[in-house]
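Trainee: Here is the input, now give the coordinates:
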Amino acid sequence: MNIGRSLTIRSVLILALLLAVQISADSVLRRKSYVPVTAPPERGSRWDPEIFSILSFGQLPAAIDSIWIDVLLDDRIAKVPRWMHASIFYDLDLVTRLDPAFYQAYHAGANLLAVVRDDIAGAKELIERGDAYRKEQLPHQSPEFQADYWPYPWAIPLLGGYIGLFEENDIPSAARYFKEAAEVPGAPGYLHNLEMRLSRPGGEYDVGLRLLNHMIASAPNTTAKQELISRRNSLMVGQYLFDMNHAFKGFLSANRNYRSQASVSSAQMEKYWHEFMKSGRYAALDPWGGRLWIDQSGRVNTTTAHEKVFGLDGAD
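Mentor: A predicted model of the protein is given here:
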């Protein structure tokens, strides 16, 4: 009886020890260890997926879900310098190497990195990995798997086009991604018109607003959604200013007196501006209530608060 009791106690102690080890490993996996207050706000390094799998003690799916929850709960919104990654990039990098089929980690993760944290290099790396999976491995999955876990495969190259066009100013790269997105079965019809839209004056604004509407609808959390809505509002103001600048330049080009002048004074430019406003019956206020005005060069501006979005600022 004493021997049995001793074995029982020993078993309990062993189980307790194993539980403590697993809890400790889970703490490491969740990366919630103590960080001194003097540590930099953004820190991280790449994990070896094989080592991480071993440390998960057979609980890899739960560990991946835990890291993904941490990503979604991360409330940092500060932009990171272009030479460093946001800390959540290392979580996203790990889960997409452990689970290459993790669609949301590619789609929502790239959104968070590019839009909220300004980690363009990290977002691009995720997109390239996700697009490689889409082209090389997804076709071998069952139709049920594709429908359940990859509902919008065209959204991955679409984000690649967004990054190329608006973050890197890489038109050839953006065009390639947009073309790939348009060729994916089930892609929305507007993708087929992107090239045509981009070739028209102001087409970048139209494309940008369409992309932002799509990104807002699929934003991974409230922080990302509000940031996207703010960008969309600024881009709408920019589009309005672009149209006004385009129209005013057209008015000046058609004005014989303006064309005959070697230089135009501020007072004369103001006169042309008032003539333009009367000729088109334009309102003195923009649709948001801001007052329209022109600088010495003749560029139309507004007092409505807005920021440059995607490198677009309303200039013609």
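
Trainee: show me where the protein has strands.
Mentor: Counting by DSSP state E, the chain has these strands, from start to end: 292-294, 300-302.

Trainee: what about the nearest residue to residue 202 once chain neighbours are set aside, how many neighbours?
Mentor: Sequence neighbours aside, residue 242 is the residue nearest to residue 202 in space, at 5.1 Å (criterion: Cβ to Cβ, 6 or more residues apart in numbering). Quick note: C-beta positions are derived from backbone N, CA and C, even for glycine. A count of neighbours around residue 242, defined by other Cβ atoms under 10 Å, yields 21.

Trainee: Tell me the confidence at residue 242?
Mentor: On the pLDDT scale, residue 242 is placed at 93.

Trainee: highest average neighbour count across the strands of the chain?
Mentor: When those are scored by mean count of other Cβ atoms under 10 Å, the highest mean neighbour count falls to strand 300-302 (a mean of 21).

Trainee: Might you report the residue contacts of residue 224?
Mentor: Residue 224 sits next to 108, 111-112, 115-116 when contact means Cβ atoms under 8 Å, 6 or more residues apart in numbering.

Trainee: so which of these comes closest to residue 143?
Mentor: Nearest to residue 143 among the contacts of residue 224 is residue 108, at 23.5 Å by Cβ to Cβ.

Trainee: these two touch, right, that closest one and residue 220?
Mentor: Yes: counting by Cβ atoms under 8 Å, residue 220 is a contact partner of residue 108 at 3.5 Å.

Trainee: Apart from its neighbours in sequence, what residue is nearest residue 273?
Mentor: Per Cβ to Cβ, 6+ apart, closest to residue 273 is residue 294, 5.0 Å.

Trainee: Distance check, the one you found against residue 236.
Mentor: Distance of residue 294 to residue 236, given as Cβ to Cβ, to the nearest Å: 20 Å.

Trainee: quick one on the thing from earlier: give the residues shared as contacts by residue 108 and residue 220.
Mentor: Joint contacts of residue 108 and residue 220 (Cβ under 8 Å, 6+ apart) are residue 72.

Trainee: now the longest helix seen in the chain, how far from the centre of its chain.
Mentor: As far as residue count goes, and with DSSP state H defining each element, the longest helix of the chain is helix 222-253. For helix 222-253, the separation from the chain centroid amounts to 19 Å (computed by Cα atoms, centre = their mean, to the nearest Å).

Trainee: Going by neighbour count, which residues in it are buried?
Mentor: Buried residues in helix 222-253, counting neighbours by 16 or more other Cβ atoms under 10 Å, are found at 223-225, 227-228, 231-248, 251-252.

Trainee: my guess is residue 163 contacts residue 121, does it?
Mentor: No: Residue 163 lies out of contact with residue 121 (Cβ under 8 Å); the separation is 9.8 Å.

Trainee: Who has more neighbours out of the two?
Mentor: residue 163 (22 against 18).

Trainee: which ones are touching that one?
Mentor: Residue 163 makes contact with 110, 114, 120, 123-124, 127, 174, according to Cβ under 8 Å, 6+ apart.

Trainee: Can you tell me which of those is nearest residue 57?
Mentor: residue 110 (30.4 Å).

Trainee: Can you check the pLDDT for that closest one?
Mentor: On the pLDDT scale, residue 110 gets 93.

Trainee: Count the residues that sit near residue 221.
Mentor: For residue 221, the count of nearby residues is 16 (other Cβ under 10 Å).

Trainee: Please report how far residue 91 lies from residue 209.
Mentor: Going from residue 91 to residue 209 by Cβ to Cβ gives 31 Å.

Trainee: can you tell me which residues contact residue 124?
Mentor: Residue 124 touches 160, 163, 168, counting by Cβ under 8 Å, 6+ apart.
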